[in-house]
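Colleague: I'd like to go over a predicted model; first the sequence, then the structure.
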Amino acid sequence: MNLFFFLRAFLRGKLMSTKKFQELIDSIPDKVSQYRQTEQSDELKEYEQLKMSVTSDFFKSNKEKILKQKNGKALWAQSPEAKQEARFKELDANVNIQSFLKTNAKDIERAESLEPFFVDNMTWTDFAASEWKAGVKYPTEDFKNQHSYVDELQANNGGKNVTIENGIMHINTRKETVTAPAWDSKKGMVMHPFAYTSDIIYYDRPMSRDNGLVMIKAQCRGYVNHGAYLRSDKHIPMLHVFDYTGFRLYTGLTTRNGQKMHRLQGLQPVTYIVYSVAWNKTEIMWFVNNMLVHKEPNTLPAGEKLYLHLYSNLFPGQRHVTEGSLDVAWVRCFTTKQ
């Protein structure tokens, strides 16, 4: 599987702070570039040749013989072999060479196998200028995709509740009275009164169920439900990147066979966390910052297309309600090169 360049660090290490984790992932392109430059460098070739020489039994034996002679240290210092040894030590202390030697080539190959699919660093200033669309992805344009449900407490507001400030996207849940489209299971689409407004948005290019990596840096505010999921345009299946409900965090899958959710404990989603999910044809893995927190077999139907959605809403029957927002610093989606 191992889509992450730093996967082994995930499995071995303790939970990193979000700041340190972002520093790690932001450093990866430079590390890959430096690794490849060092790999092709004359210094590395010289280092490898000198290493073969100075670590050989012949070299060690010859050095020992010279040092045993009268004024051996002085003789050794003037010898060609001593100059070779000094140059080897110089190269052995080279930061780039040491980094190259400590890096697993497989990690570099994994990093290079990631193909950017959708990256949003929130550099836009107006929702209409972004690559997001308001509403829910449906298979045809005929169905009204910007709607809520009559038993929900909020009206999805067609992108009006999505704002950006200082490079952070906010999906805001606000207390305001509106009448908006809502789906009624008996009457179909109707106009319905709501006491709150919010939004759900999606990216209108699908990812394959066979491979992918989605990373989202976000924080959750207010007694509001927030989250991100990858969903078929037919509503089910859903791959939940994270769900924040009643001050509890979950990850999981929803398929036609039911819902399997895994609770994440001991986290503070009111601060920024990087939520990630990586998958291939057989397995799905969820991460919080640098830690693997859950994995499941990939039971999504073959050939399924998955659309990324972000939301902030109020569930039917929710008793405690406040205003709040899902704050998103960035979104990074990747596929693997075939």
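Modeller: Arrived safely, thanks for sending. Numbering: from 1, shown residues only.

Colleague: quick one: residues contacting the residue most central in space within the chain.
Modeller: The chain has residue 215 as the residue nearest its centroid, 2.4 Å off, counting by C-alpha atoms, centre = their mean. By C-beta atoms under 8 Å, 6 or more residues apart in numbering, the contact set of residue 215 is 25, 274, 275, 276, 331, 332, 333. Every C-beta, even on glycine, is put in place using the N, C-alpha and C of the backbone.

Colleague: count of residues packed around the fifth one?
Modeller: When you say that, I think you mean residue 331. Using other C-beta atoms under 10 Å, residue 331 has 23 other residues around it.

Colleague: what strands line up against the host helix or strand of it, and which way round?
Modeller: Following DSSP states H and E, one finds residue 331 within strand 324-336. In the sheet, strand 324-336 lines up against strand 114-120 (antiparallel), strand 168-184 (antiparallel), strand 212-221 (antiparallel) (DSSP bridges).

Colleague: of all those strands, which lies closest to residue 35?
Modeller: strand 114-120 (14.9 Å; C-beta to C-beta).

Colleague: about what we covered before: okay, the strands paired with strand 324-336, which one's buried deepest?
Modeller: For the strands paired with strand 324-336, the largest average neighbour count (mean count of other C-beta atoms under 10 Å) is found in strand 212-221, namely a mean of 22.

Colleague: following element in sequence after it, please.
Modeller: For strand 212-221, the following helix or strand on the C-terminal side (DSSP H and E) is strand 225-231.

Colleague: can I get that next one in CSV, CA atoms only?
Modeller: Extracted in CSV, the C-alpha atoms of strand 225-231 (Å, rounded to 0.1, in the frame of the first residue of the first chain):
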residue,chain,number,x,y,z
ASN,A,225,-21.5,18.7,12.8
HIS,A,226,-18.6,18.9,10.4
GLY,A,227,-16.7,16.6,8.1
ALA,A,228,-15.4,15.4,4.8
TYR,A,229,-16.2,12.4,2.8
LEU,A,230,-15.7,10.8,-0.7
ARG,A,231,-19.1,9.8,-2.0
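
Colleague: and that strand, which strands flank it?
Modeller: According to DSSP bridges, strand 225-231 has these partners: strand 238-245 (antiparallel), strand 305-313 (antiparallel).

Colleague: among the ones you listed, which comes closest to residue 219?
Modeller: Comparing those by C-beta to C-beta, strand 238-245 comes nearest, at 9.6 Å.

Colleague: send me that closest one as PDB with only the CA atoms.
Modeller: Below are the C-alpha coordinates for strand 238-245, written out as PDB (Å, rounded to 0.1, in the frame of the first residue of the first chain):
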ATOM      1  CA  MET A 238     -19.300   6.900   1.200                       C
ATOM      2  CA  LEU A 239     -15.700   6.900   2.400                       C
ATOM      3  CA  HIS A 240     -15.600   9.200   5.500                       C
ATOM      4  CA  VAL A 241     -12.400  11.100   5.800                       C
ATOM      5  CA  PHE A 242     -13.600  12.300   9.200                       C
ATOM      6  CA  ASP A 243     -16.900  13.100  10.900                       C
ATOM      7  CA  TYR A 244     -17.200  15.400  13.900                       C
ATOM      8  CA  THR A 245     -20.500  14.800  15.600                       C
END
